[in-house]
Every structure is written in structure tokens, then in C-alpha cells.
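> got a predicted model here, sequence first, then my questions.
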Amino acid sequence: MFNKIISASLAILLAVFTLTGCDNSKDEKKLVVGVAAGPYGDMFKQAIAPGLEQKGYKIEIREFSDYVQPNIALANKDIDINLFQHLSYLNNFKQAHNLDITAVAFVPTAGAGIFSNKITNFSQLKAGDQVTIANDVTNEARALRILQAAGLITLNPSANPAELSPKDIIDNPHELMIVPIEAPQTPRSLDSATLAVVNGNYAIGAGLDLSKALYSEVLDKDHKNVIAIRTSSVDTLGKDIIDVVSSEQFNQVINDKNGMFYTFQKPNYQLY
């Protein structure tokens, strides 16, 4: 009788251990994905999550309200993936904060644009008109390059293009007042400022029509958005992500003429 009791107890413990092991296995396949407000959360849900779920992952989306916390959270293992930033921002941020995170794939990206609720042509600009731009180092420099490309200012050719600030403006024929503000606030600033340089994700999130921009950015490689993960996961999770964004299923969602991503600038160099 005693041996039967011991055997039954061992069987129960083995069953509990086995079930616990299954639960741990499921936890290991759970992915928490960090996104910022705007279209890239939708892109992950619609075009990327289904492919990862087919590979056995369980996806949880977590939205962040700024450009700082998603990378910190990724490095601290609070999330496993993020999709919100372009390559230049990621590289500058991880170097400044000594983070071991890596971009594994480019995604189609909505470029920045110069928008206005007050004028329809740059010829209508007046001296002292305000122009709002993002105030983080990477996007401030980017916005100034866009203003120069639009013919509104001239920048010091000897200045570091990655660290431009308003002090590097050497010609401002319209006598524009350049006002750096938080990137998410640039669309709202259109109620008061004459012009705003708005990143594509915030433009879409605010309901701005990208085709109505007075000037649209032509994206280079450094300003294509990327999917980032911890470097330790590149050979595992990274390969699964690359499989998904290389798939026909992903391309069908992106190229759907009725979807929001159809007008995004497609990378010629999809994988990083």
C-alpha cells in the first residue's frame, strides 16, 4: 500500500512538472512589442503579427508615448521588439545610452513632410512666421535638412549633418522663426505655427493627408524605419522576423491599394 501511495504521489508530481514546463514554454514564445502612436502599431498588427503567430508566438502590443522609453524597455527586457524609429535614430540612441540592441529589418516608411493650415504655397510666407520642428537631435537635424531641400533655408556646409541645429542656418530669406518642440506635438502646432515639419507616423496619427504636404521628404536608407530587438536574439527571433517581412503575406498587406501602407516609401533594401 505504501509503495502504491509513493507511486501515485510521484505520478502527480510528474504531471504538475510537465504542465508547468508547458506553461514556461508558452511564456518563452510570448513577444511584447513596443510601438509609438501612429501607423506602425497597425503595421505590426496587420502585416507582421500574423506571420509570427503562425510560427507559434503570442503577440502583445504595448504603446509608448515618446521616442525614449521603447529602446530603454527593449534593452531592459520589458519588451522584446520595437517598431517606431528610423535607423539613424536607433544607432545614435543606442550609442548614447550604451544599449545592446540591433535593427534586423527595414519596413516601408512614411516620410516626413512640411505641412500648413495657413498657407498653400511657400510664396505666401511672411517675415517672422513660425516653423515647428522636432527637438530631439536626430529629427531636428532631419527637419532642417528638409527645410533646406525645400529651398526655405541654407545650412552651413561644414556643419555635421547629423547634429544640425538652428544655429547652423546661414541664410534664412523668409526670416522664419524655427521653433523646436516635442516631435508628437508638431501636428498640433499647426493651429498656431505657419509651418510644421511632421514625421510621417505623427502626420498619419493626426489625420494629416501625406499628399497635401507642401513638401515631402525623399527618404534615404538612414531614415527608413526598422524593427529592433536585443542583439542576443538576432540568430533566433531575428531570423523569424526576417522570414515574416520577406513573405508574400507581408507584401500583400503592404501593397493593398485600399490600405494605409500603400503610399509608404518602400525600401529597395528591405533586410538589414
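Sure, I can see it. Since the structure is predicted, the reported quantities are computational estimates derived from the model, not experimental observations. Residues are numbered from 1 along each chain as shown.

> which SS class is the residue nearest in space to the middle of the chain?
When CA atoms, centre = their mean is applied to the chain, the residue found nearest the centroid is Phe84 (1.5 Å). Under DSSP: H, G, I helix; E, B strand; the rest coil, Phe84 falls in the strand class.

> got a pLDDT number for it?
Model confidence at Phe84, given as pLDDT, is 93.

> not counting its neighbours along the chain, what's nearest it?
Leaving aside its sequence neighbours, Phe84 sits nearest to Ala36 (CB to CB, 6 or more residues apart in numbering; 3.9 Å). Every C-beta, even on glycine, is put in place using the N, C-alpha and C of the backbone.

> contact partners for that neighbour?
For Ala36, the contacting residues are Glu63, Phe64, Ser65, Asp66, Tyr67, Pro70, Phe84, Asn201, by CB atoms under 8 Å, 6 or more residues apart in numbering.

> among those, who's most crowded?
Pro70 (27 neighbours; other CB atoms under 10 Å).

> that one against Ile79, yeah?
Yes: using CB atoms under 8 Å, Pro70 is in contact with Ile79, at 7.1 Å.

> give the residues shared as contacts by the two.
By CB under 8 Å, 6+ apart, Pro70 and Ile79 have these common neighbours: Gly34.

> still on that earlier bit, next up, the contacts around the residue nearest to the centre of the chain.
Gly34, Val35, Ala36, Gly38, Tyr40, Phe64, Tyr67, Pro70, Asn201, Asn225.

> and the gap between it and Arg62?
In this view, Phe84 and Arg62 are 11 Å apart by CB to CB, to the nearest Å.

> quick one: pLDDT of Thr18?
We have a pLDDT of 42 for Thr18.

> use 10 as the first number for this chain going forward.
Sure, I'll start numbering at 10, so the last one becomes Thr27.

> chain neighbours aside, what residue packs nearest to Glu191?
Counting by CB to CB, 6+ apart, the residue nearest Glu191 is Asn144, at 6.2 Å.

> so the one you found versus Ile190, what's the distance?
Taking CB to CB, one finds Asn144 at 6 Å from Ile190.

> ditto for Asp244
Distance, Asp244 to Ile190, by CB to CB: 41 Å.

> comparing the two, which residue is more hemmed in?
Using other CB under 10 Å, the more surrounded residue of Asp244 and Ile190 is Ile190, with 15 against 8.

> for the nearest residue to the more buried one once chain neighbours are set aside, what is the enclosing helix or strand?
Once flanking residues are discounted, Ile190 sits nearest to Thr141: 5.2 Å by CB to CB, 6+ apart. Element membership for Thr141 (DSSP states H and E) is strand 139-143.

> in that strand, which residues are buried?
The neighbour-count check on strand 139-143 (16 or more other CB atoms under 10 Å) flags Val140, Thr141, Ile142, Ala143 as buried.

> chain neighbours aside, what residue packs nearest to the first one?
In space, and not counting its chain neighbours, Val140 is closest to Leu204: 4.4 Å by CB to CB, 6+ apart.

> next: Phe273.
In space, Phe273 comes closest to Pro117 once its chain neighbours are excluded; the distance is 3.9 Å by CB to CB, 6+ apart.

> count the residues that sit near the one you found.
Under the criterion other CB under 10 Å, the count of neighbours that Pro117 has is 23.

> now swap in Ala136 and tell me
10.

> settle this for me: it is touching Pro182, isn't it.
No: Ala136 sits out of contact with Pro182 when judged by CB under 8 Å, with a separation of 9.6 Å.

> how about low-confidence regions in the stretch 160-281 of the chain?
The model of the stretch 160-281 of the chain has pLDDT under 70 over residues 277-281.
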